[in-house]
Structure formats: C-alpha cells, structure tokens
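Colleague: mind folding the following:
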Amino acid sequence: MDPSAIVVAYGNHPQELVPLVLDAVGIADRLDPNGTIGIKPNLVVAKSADSGATTDPRVVGELIRYLQHHRFNKLVILESAWLGDCTKEAYRVAGYESLSREFGVPLIDLKEDAVRRVAVGKETVAICERALELDHLINVPVLKAHCQTRLTCALKNLKGCIPDAEKRRYHTVGLHRPIALLNKALKTDLVLVDGLIGDLSHEEGGTPVEMNRLIAGTDPVLIDAYAAGLLGYQPSEIDYIQIAGQLGVDSDDLSSAQVLELNQPTVATPLVVPGRVQRLIDRWVDENGACSACLGGLIHALERLDSQPMGLGALETKLAIGQGYLNRSGSGVGIGTCTAGMTRFVDGCPPTAREIIEFLNERC
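Modeller: Next up is the predicted model:
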C-alpha cells in the first residue's frame, strides 16, 4: 500500500472491520514475525470505551486475533494513564485484564518502567524503555477532541509512552512541540484509529458521539491531518501536526493522500448523546435515516459552530440529513450526498465536520 494512503471502514462491528482494514494496509507483510510488537491503546483514564475516552477493547482484541492468526506471537500491550490515575485500574475498568487473559498477551504499566533520554537534533525527550525496545509499535488511539490541543489521535497518543515527570514538563513548556519531538524519536509502524465512539470536547470523555468507523495507515502525521477534518479543524489549526511535518516525522500533505473507503456507511441506530448535544440536534437537525458516520460529523460541526461568537443563530432552517432524502427535492439545506435534491447541500458520503462548517459559514 502507498504510505500516503488512509484506509477507512464504516460500521460498529470490530470483528468485521479490523481484518478488513488490516488486509487493506497489508500489515502482515510489513512486520517481522520474530520481532516484539507493542500495542498502544488510549487508556488515559479508568473509563469504559462507551464514555468516548478509551480505546475499545474489542478493536484491540480483533487486532491481536489477526496478528496471532498471521503467526505474530510476541505481543504486548503497553500504556501509562494520565497524571494522577492508575494504569492498572484503567486496564481493569476498560476491559483489558480479561483481554490479556483471553489472548495471553501481557499488560505493561509504563509508570513502573525505566526511562531513557533520546536526542532529537539538539533537544531530548524522555521515553519509557519498554517502548523503545519494541521492534514494532502499533498505535491504537481514539478519535476525540482535546480541551488544549483540539485533537487527540495518533501523534498525541504516544504521550502514554513517557514517564509522569515528562508529562508534567510537556504541560509546562506547551504540548505541541514535545508531542512532535516524541513522534520523531519513537517510530509508529501502524496506526489503527478507533473511531467507533469519540468525544466532542475532552480526552477524559463524557460527551461521547458515535462516529462508527475505523481508520488505518502507516503515516501518523497524515492520519492526524485527516482526523482533524473529521472534528471540524484544518490541519493547520493543530500545531503539533505542522511541527511533526516540519521535523520529518512523516508527511502532513493531506492533498497528496489517497483515502480508500472500503465500504459505505450504514443507517444509524438511534444515537445516545448528552443532553446538550441532543438539544442541538432537536433544534437544528431534520434527520431521516441518517448514517452514524454522517450524523456524527454533523454533530461535531454543530458543536464547533455553537462555540463560536455568532453561534448557530445565523441559520434560518433545520439541516436535512439522511437517506430518506434521496431523490427528494426541497428548498432547504442538506448535509451529505443523499440530500443532493435540496436547494443547497454539502456533498460527501459522509462529509467531514470541517467541510460542513466551511459550507455553512460560506452559504448559510
């Protein structure tokens, strides 16, 4: 697969989606069968995946099943929860203890690990030794927003591979450059983004939104540039993406990327969303058979627009979305290809939150 390719599969059944994207990436041909492979989820806090905070253990379980089927047996799961939280408790609450028993894959608490300083040009970063000793690193982040950096996905997820003292330093000097330097020092071989359920505003979870997709690729910078658009941002608005590109971690040129969608989004089951988000939907959305991937992007767009000075007050009508609008004409505003019969609509199946925001700001 072209290293600039991004693979996307829609749905909410990891047992189907994980092998689909891994086959497309060709990961079995990229890894040394005799090497130690580390799997790095996002277990920043002791919460279950339905909170929008942590990597779904079903995704990691199917990743392990796939790797073991292809005779990769030297596997470990490694993580360090955020400052003040216990990694072992996060493993337990998020379902990783049972995952470890089922597949015979050890859980490593990097809070207990030795530390090594690694030079990146004239700067250094402190990294846990077990992460540095891996032959291959598979990064399995959650697609979610962050209160300080706006986005947390592939690049920021490696922050769980550093000691707590280094985490404190990152927050003191500013997160963006240290995150980019960390990714220069610690190579990622595969990114498998858990985009089943993410969070609208904070890495700790609490405002979960179903996005129902997995995203995979070998370029973490490009993956994050793509993920930024799903949450309504330009890659240029996320400083660490730009710095990582400048440092040569990988390419941040999204215009050169091939996005390979392996299937089409399916109609959503009724989404369970926080009350504040539900009020936005009730006020501004006219949904008829919408896919969760499309509706999730619209929710992120509405949340972003509502936080801007003008808010959503400039909208004159509800936004039509869903397959129920196929081949129907109308004078309103539509979201997605299914609403092409509306007077104004943003194309895409599904459109990203960024595309929706740009369309509404320019046309509505």
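
Colleague: for the stretch 251-364 of the chain, what are the low-confidence residue spans?
Modeller: Within the stretch 251-364 of the chain, the segments meeting pLDDT under 70 span 267-274.

Colleague: going along the chain, name the strands of it.
Modeller: Applying DSSP state E, counting those that start in this stretch to the stretch 251-364 of the chain gives strands spanning 258-261, 285-287, 319-321, 330-335, 342-346.

Colleague: next, the angle strand 342-346 makes with the helix ranked longest in the chain.
Modeller: Longest helix of the chain, by residue count under DSSP state H: helix 292-306. Following axes from the mean of the first three to the mean of the last three C-alpha atoms, to 10 degrees, one obtains 90 degrees for the angle between helix 292-306 and strand 342-346.

Colleague: so which elements touch helix 292-306?
Modeller: Packing partners of helix 292-306 (3 or more C-beta pairs under 8 Å, 6 or more residues apart in numbering; DSSP states H and E): strand 208-210, helix 275-284, strand 285-287, strand 319-321, helix 353-363. Just so you know, the C-beta spots here come from the backbone N, C-alpha and C atoms, and that holds for glycine as well.

Colleague: I'd like to know which of the ones you listed lies nearest to E166.
Modeller: strand 208-210 (28.9 Å; C-beta to C-beta).

Colleague: give the pairing partners of the closest one; include direction for each.
Modeller: Applying DSSP bridges, strand 208-210 is found paired with strand 197-199 (antiparallel).

Colleague: what sits up against the strand it pairs with?
Modeller: Contact partners of strand 197-199, identified using C-beta atoms under 8 Å, 6 or more residues apart in numbering, comprise 49-53, 56, 142-145, 205-211, 296.

Colleague: returning to what we had before: pull the CA atoms of the longest helix of the chain into CSV?
Modeller: Taking C-alpha atoms only, helix 292-306 is exported to CSV below (Å, rounded to 0.1, in the frame of the first residue of the first chain):
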residue,chain,number,x,y,z
SER,A,292,-24.0,7.5,12.0
ALA,A,293,-20.8,8.5,10.2
CYS,A,294,-22.6,11.4,8.6
LEU,A,295,-24.6,12.4,11.6
GLY,A,296,-21.5,12.1,13.8
GLY,A,297,-19.7,14.6,11.6
LEU,A,298,-22.7,17.0,11.7
ILE,A,299,-22.8,16.8,15.5
HIS,A,300,-19.1,17.7,15.7
ALA,A,301,-19.7,20.6,13.3
LEU,A,302,-22.7,21.9,15.3
GLU,A,303,-20.7,21.8,18.5
ARG,A,304,-17.8,23.7,16.9
LEU,A,305,-20.2,26.3,15.4
ASP,A,306,-22.1,26.7,18.6
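
Colleague: got the angle between that helix and helix 353-363?
Modeller: 50 degrees.

Colleague: now the angle between strand 330-335 and helix 292-306, please.
Modeller: Using the same axes, to 10 degrees: helix 292-306 against strand 330-335 is 90 degrees.

Colleague: any idea how far L190 is from I321?
Modeller: Separation of L190 from I321 (C-beta to C-beta, to the nearest Å): 33 Å.

Colleague: then V221?
Modeller: 31 Å.

Colleague: rewinding a little: for the helices and strands packed on helix 292-306, could you give me CSV that also reports mean neighbour count?
Modeller: Formatted as CSV, those follow (neighbours: other C-beta atoms under 10 Å):
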stretch, mean neighbour count
strand 208-210, 24
helix 275-284, 14
strand 285-287, 19
strand 319-321, 27
helix 353-363, 18
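
Colleague: A119 is nearest to which of these?
Modeller: Set against A119 and scored by C-beta to C-beta, these come closest in helix 353-363, at 36.0 Å.
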